[in-house]
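In: The following comprises the amino acid sequence and a computationally predicted model.
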Amino acid sequence: MKYRKLGRTNLDVSCIGFGALPLTGLNQSEADEVLNTALERKINFIDTARGYRESEELIGNAISHRKNEFYIATKTRGRNKDKILRDFETSLKKLKLDRIDLYQIHYVNTMEELDDVLSERGALKVLQELKENGLIDFIGITGHDSSVLLEAAKTGLFDTIQGAFSFIESSDSVLSLIDYCHNNNIGFIVQKPLAGGAITNGIAGLKWILQHPVSTVIPGMIKKNEVLLNTSIADGPYTLSPEEKEELKTIVGELDKFFCRRCYYCHPVCPENIRIGVILEFFGKAQREENLPLARRWYREMDVKADACTECGLCEKECPYNLPIIQLLKEAHALLG
């Protein structure tokens, strides 16, 4: 395992980390096996969130007694003090810890949301108080819009940035964000490195990412063999063979007609307030059979589902990738509903 600095935190984190969102839905025995395998393979960075249902509890039950072997990062979607403190106390209890290494403000996707986070009574102030009280060591922020995350990075107030990056999601905007973080000693945590499973050659996808100046990559893993496979390339080198390069290009080419890159340009124009990008993300994950039960569970919990679509077509006019969103929503509802 190779380790990289997590920005100015100076923590040496495994280049392959553990994304714990998919733990949701596993029983404790299954979680025990995959998490202990991760530690045995020298993964020392585990990322979870209060919103990942039972993920924190599974981690706490499985490996809290091995806390000296890993760093834990968790998150809150709270935006006011009461909600954040409730989330934080719950996270401590579920993880069976007395402090958190990295606490992140989760899912900040617009400049309005960022302004709220940075306001005098915003979420950042609450996390700074937790840090001053010795309850958290470092503060991070996560989101899906690289331009918003770049503005967050430029404030100099966050130790880490977590954003999506993959062979599929590799726009100039994302690359600029990664370069900015690298040049300004801010840790960059790569979420969705395999684009929710769309990149079927995980080895090639992870090697391609690790050629860039990121701190750690956190693929979701639910099986022992997935941990073994993903960590098999951790030592490098990360050079892709001609065959691997061609396969990644082929995957992208095949996805061009239907893959949602979650730019969220469609969200503001939807008169029914359908979270189109989120639904299409669930739909994409559900293409892998092992993800289907969890995707259906997430979908059931949404307030507005795809069948609320009136087929007005405003979303399709906004989509920079010309996706047939109306048809995709119908297919998503049929599979997930």
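Out: In hand now; what should we look at?
In: Show me the residue at the heart of the chain, geometrically.
Out: Nearest to the geometric centre of the chain sits Q191, at 3.7 Å (Cα atoms, centre = their mean).
In: Output the below-cut-off pLDDT ranges for the chain.
Out: The chain contains residues with pLDDT under 70 at 256-257, 262-265, 320.
In: Would you map the helices across it?
Out: For the chain, the helices defined by DSSP state H occupy 28-40, 55-63, 81-95, 111-118, 123-132, 146-154, 172-183, 202-210, 224-231, 242-255, 276-285, 292-300, 314-318, 325-336.
In: Quick one, which of the ones you listed gets closest to M1.
Out: Closest of the helices of the chain to M1 is helix 224-231, at 6.7 Å (criterion: Cβ to Cβ). In short, each C-beta sits where N, CA and C put it, glycine included.
In: Only the buried residues of the closest one, if you could.
Out: 224, 226-227, 230-231 (16 or more other Cβ atoms under 10 Å).
In: Give me the distance between E112 and L194.
Out: Note on E112: its distance to L194, by Cβ to Cβ, to the nearest Å, is 30 Å.
In: which of those two has more neighbours?
Out: Using other Cβ atoms under 10 Å as the criterion, E112 and L194 rank with L194 on top: 22 against 10.
In: Test my guess that that one contacts A204.
Out: No - using Cβ atoms under 8 Å, L194 is not in contact with A204; the gap is 9.9 Å.
In: Can you pull the residues that touch both of the two?
Out: By Cβ atoms under 8 Å, 6 or more residues apart in numbering, L194 and A204 have no common neighbours.
In: CSV for the helices of the chain, including distance to V13?
Out: Shown next, in CSV, are the helices of the chain (distance: least, Cβ to Cβ, whole Å):
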stretch, distance to V13
helix 28-40, 13
helix 55-63, 16
helix 81-95, 18
helix 111-118, 24
helix 123-132, 19
helix 146-154, 18
helix 172-183, 14
helix 202-210, 13
helix 224-231, 14
helix 242-255, 25
helix 276-285, 25
helix 292-300, 26
helix 314-318, 37
helix 325-336, 34
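In: Show me the one of the ones you listed that comes nearest I72.
Out: Nearest to I72 among those is helix 81-95; the distance by Cβ to Cβ comes to 6.3 Å.
In: returning to what we had before: among the buried residues of helix 224-231, which one sits closest to L95?
Out: For the buried residues of helix 224-231, the nearest to L95 is V227 (19.8 Å; Cβ to Cβ).
In: just checking, that closest one touches A38?
Out: Yes - using Cβ under 8 Å, V227 makes contact with A38 at a distance of 5.2 Å.
In: Overlap of the contact sets of these two?
Out: Contacts common to V227 and A38, judged by Cβ under 8 Å, 6+ apart, are 18, 221.
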